[in-house]
Structure formats: structure tokens, C-alpha cells
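Enquirer: My questions concern the predicted model and sequence given below.
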Amino acid sequence: MSDPAKESSPLVLVADDVPANVELLFDQLQTLGYRTVGAYDGPSAVAACFEHHPDLCILDVSMPAGDLGVDTRSTGFEVCRRIKRDPRTSRIPVIFVTAMNDTTDRVRGIEAGGDDFLTKPHNRLVLGARVRSLLKLKAATDALENSYRKLRELEKVRDDLMKMIVHDLKSPLTSVLATLELLSDGDFGKLTDEQKRAVGDAEGKAEDLLTLIEDILEVARIEEAAVTLTRSPIAPAALLSELYHEWQHRFQQESTNATIKVEDDTPVFYADKALMKRVFSNLIQNAVSHSSRSIELTMSAKKSGDSILFTFADNGPGIPEEYHEVIFRKFGQVSSGTAPRVRSSGLGLTFCKLVVDLHGGMIWVRSREGEGSTFYVQLPLTTQTHEEESTRVRIRGTSLSS
């Protein structure tokens, strides 16, 4: 009758071309409660590793190489390299057992991915201590990997649910905006000044909500799919003036004093105008929405080496230094003691970061609490040919946000 406890104990692969050495290690490891499997040359060690998926490997350095393409004194290193570069076995700890005590060999072992060394003849107690230590480390690493995988699965469920809800919200919100526009235009009867202000305020908030919904959808598209950049030449002064005109009514509502400063030698740059306008609108939205009082906002542009540098500086409540990275992470939000609570998706700066990265640029902030904030957007002065004006780029990895 088999012993379930023994069958669940860690499995150790021992590879050595001397059968007596293998038997000795088998006896010592089995006494310590481990299961064992043996190999007597390089190719059989690699095959046993992929067949049995041991929890730890003990490799002799000098073994017959077979078809591994290395000399006998390098066989163990080559076996380790092959184990470590395959995703299925890369986390298996490897201990080299060798009669050689040369620094060069130890360096080669580390470069091959080895985790520890034992010099022949080895001490049984030292062997046990090192095996236990590496198995504990592997167990912790495996647990961390499983936790990370489960976290990614939960994030995907959350993101899928968010996108479904957002899609369902967009249609009724569009109808609300259309109705508010009809009211504002007097199609349902003349409004008093007070009613017009109320409808205008509701329309502005609904527009803000629609922008947040579009940010969420755009972030998802950039993260998960190929995004086409339609680059065109853009004059910085004209772009900032266009933004100023579009935000003028909101500036008046919020008592924001906005100014534009563009240096005379600021050149035309190439970018996706629609995406960059949304980036800059998000930065303006941040400045206008996160202050309880009227603010001064300066939008500027200048040439900086082979790039163009845009800045959006305000004298609002500012951002504590410890949050300068947090605000660029997805769903990352900061609540300042001097700023009002503002409903936010936490995706405004996520979108900005992704789009700026997509253009090969950088975005960052300098700010102190109570002293205002300055956001910087640096974009390369890329000259595009006609054929290059539509560039397909795929975005992967970590995203960042406000």
C-alpha cells in the first residue's frame, strides 16, 4: 500500500555519471524524506526534468554531453541553461555538485542559472539545509506566481464587466444630452435665465461623463488591440488656441483665467491630432475640476532639442510628491485635503500616458501640495512621409492613470 504523505513529498532529480554518487545522494535525500529520480548523462538529465518536473535538480558539472553540443566539463551548465530557459521548468532550483572549487566554474554556474553549489565530498547536513532552503524559496515563488495569475484573472473579469457597463451607459447618456440640447435651444418652450443656467450646468456635467466613458473605452482599445495613429502636421499655437476656444465657456463657469504662451521658434510637429486634443483636454479638466477656487492656468509650448515640450501649469491645490507616480496608474486617484471631492474614473491620466507613449513621448508632473501643478508632455518632432502618416502600433503591458 502506497504512502500518500511520501507520494506528496518533493521530488529531487540527481544527475551524475557515477552510479555510486547517485546512490549516495539517493540514500541521503530519502532519509530526509524526499523522493528521487536519477540520470547519468546530460541528455537523460534534460529528458528526466521535462518528464518528471522535479521540485529541485542536483547536477554534476562533468558528465557525458551526448548530443548537447558541449564538452564534458560543461555538461551540467548546459543542462541548467536548458532547464532555466524553458517556461515549464524555469523555476526549478538547481544545485551544482562538483569536485572543482574554481571561481571561474562558479561564475559559469551562476551565469547558467544555478542557485547553489556543493563541493565533493559534501556534508549530509549541509546538503539537507540547502535543499530545504531552495524548496522553501520555490514554494514561495510558486505561490506568488499563482496569486499573480489569479489577480490577473480577476482584473480581466473586472475590466470586462466595466466595459460592458460602459457600453450600456453610453446610449442612454447620448439621449440625455440630446434632450438637454433641445431644452437649451428652446424647442420645448422658452426658458428663464435660471432654467437656462441649470440646463447648461446639467449639459456640461453630462458631457464630462461622456468624456469619461470614452476614456474608458479608448484605454481598453489601446491596451488590448492595435491602434492606428493618423499623424498629421500640427501647429502648436493653433492647437492650443483651438483648445482654448472649446473650453472658453467652461473657463467662464469655473472663473478660470487661462492664457497661452508659445515661443516664436516652436516648430510644427507630427501627431494624431484627435488623440492629442483629448490628452490636453484631460489635463485641462484636471486643472479646472480639482480646485475649490478660481485658478490661473497657463498652457505653453516650446522647442526642446529634437522634441516639442507642452506644459499645463496651474496654481491649484497641488499634488503631494508621494502621489506623483500613483496618479498615472489605472484607477489611481488622489484626494488632497485642500481640493474638493471630484467624481473621476481614475482613467484620465491613464489615457494620457498611453497616448503619449504611443507617440514615443513622455509625460510627467511636478507639483507640491498647496503650490499648484505643472504637467509636462514631451513629443518627438517626427517627420512623416505620406506612406508613414498612418502607423499601426501595438501597446502591451502596464498602464497608468489619474
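Expert: Yes, it's here. Predicted model, so just to flag it, every value in this text is computed and none were measured. Numbering: from 1, shown residues only.
Enquirer: can you pull the buried residues of stretch 78-88?
Expert: Across stretch 78-88, burial judged by 16 or more other Cβ atoms under 10 Å covers 78-84. Placement of C-beta: from N, CA and C, glycine included.
Enquirer: Show me the contact partners of it.
Expert: Contact partners of stretch 78-88, identified using Cβ atoms under 8 Å, 6 or more residues apart in numbering, comprise 15, 42, 45-46, 49-50, 53, 57, 59, 63, 65, 68-70, 89-90, 92, 94, 96, 109, 112-114.
Enquirer: taking the residues you listed one by one, which sit in strands?
Expert: Using DSSP state E, the members of these that fall within strands are 15, 57, 59, 94, 96.
Enquirer: Closest one of those to Leu239?
Expert: Leu239 lies nearest to Val94 out of those, by Cβ to Cβ, at 57.1 Å.
Enquirer: Correct me if wrong: that closest one contacts Ile110.
Expert: No: using Cβ atoms under 8 Å, Val94 is not in contact with Ile110, being 10.6 Å away.
Enquirer: Need the residues touching each of the two.
Expert: Between them, Val94 and Ile110 share no contacting residue under Cβ under 8 Å, 6+ apart.
Enquirer: what about the strands in the protein?
Expert: In the chain, strands defined by DSSP E lie at 11-15, 35-39, 56-60, 94-98, 116-119, 226-234, 257-262, 269-272, 296-304, 307-314, 362-367, 373-380, 390-394, listed in chain order.
Enquirer: Let's have the ones you listed in TSV, adding mean neighbour count, distance to Glu242 and mean pLDDT.
Expert: Formatted as TSV, these follow (neighbours: other Cβ atoms under 10 Å; distance: least, Cβ to Cβ, whole Å; pLDDT from 0 to 100):
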stretch	mean neighbour count	distance to Glu242	mean pLDDT
strand 11-15	24	67	94
strand 35-39	19	70	94
strand 56-60	26	64	93
strand 94-98	23	61	88
strand 116-119	16	64	86
strand 226-234	15	10	83
strand 257-262	16	11	94
strand 269-272	24	14	94
strand 296-304	19	11	94
strand 307-314	21	14	95
strand 362-367	18	20	92
strand 373-380	20	16	94
strand 390-394	12	22	42
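Enquirer: Of all those, which one comes closest to Lys156?
Expert: Lys156 sits nearest to strand 390-394 of all the strands of the chain, at 18.2 Å, using Cβ to Cβ.
Enquirer: Out of the buried residues of stretch 78-88, the closest to Ser8 would be?
Expert: Using Cβ to Cβ, those come closest to Ser8 at Ile83, 22.7 Å.
Enquirer: separation between that closest one and Thr228?
Expert: Using Cβ to Cβ, to the nearest Å, one gets 42 Å for the distance from Ile83 to Thr228.
Enquirer: give the contact list for the nearest residue to Leu217 once chain neighbours are set aside.
Expert: Closest residue to Leu217 apart from its sequence neighbours, by Cβ to Cβ, 6 or more residues apart in numbering: Val166 at 6.1 Å. By Cβ under 8 Å, 6+ apart, the contact list for Val166 reads 213, 216-217.
Enquirer: If you rank those residues by neighbours, which is first?
Expert: When neighbours are counted as other Cβ atoms under 10 Å, the busiest of the contacts of Val166 turns out to be Ile216, with 23 neighbours.
Enquirer: Which residue, other than its chain neighbours, is closest to it?
Expert: Nearest non-adjacent residue to Ile216, counting by Cβ to Cβ, 6+ apart: Val166, 5.0 Å away.
Enquirer: re the thing from before, save the strands of the chain as JSON lines, and put in distance to Arg250 too.
Expert: Shown next, in JSON lines, are these (distance: least, Cβ to Cβ, whole Å):
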{"stretch": "strand 11-15", "distance to Arg250": "66"}
{"stretch": "strand 35-39", "distance to Arg250": "70"}
{"stretch": "strand 56-60", "distance to Arg250": "64"}
{"stretch": "strand 94-98", "distance to Arg250": "62"}
{"stretch": "strand 116-119", "distance to Arg250": "64"}
{"stretch": "strand 226-234", "distance to Arg250": "22"}
{"stretch": "strand 257-262", "distance to Arg250": "10"}
{"stretch": "strand 269-272", "distance to Arg250": "24"}
{"stretch": "strand 296-304", "distance to Arg250": "11"}
{"stretch": "strand 307-314", "distance to Arg250": "14"}
{"stretch": "strand 362-367", "distance to Arg250": "22"}
{"stretch": "strand 373-380", "distance to Arg250": "18"}
{"stretch": "strand 390-394", "distance to Arg250": "32"}
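Enquirer: how does the protein divide into domains?
Expert: With domains defined by automatic domain parsing, the chain comprises 4-122, 227-394.
Enquirer: Can you name the residues that contact Asp115?
Expert: Each residue near Asp115 by Cβ under 8 Å, 6+ apart is listed here: 93-95, 134.
Enquirer: and the closest residue to Ser373 other than its chain neighbours, what is it in contact with?
Expert: Distance criterion Cβ to Cβ, 6+ apart; nearest residue to Ser373, sequence neighbours excluded, is Ser367 at 3.7 Å. Contact partners of Ser367, counting by Cβ under 8 Å, 6+ apart, are 318-319, 321, 324, 373-374.
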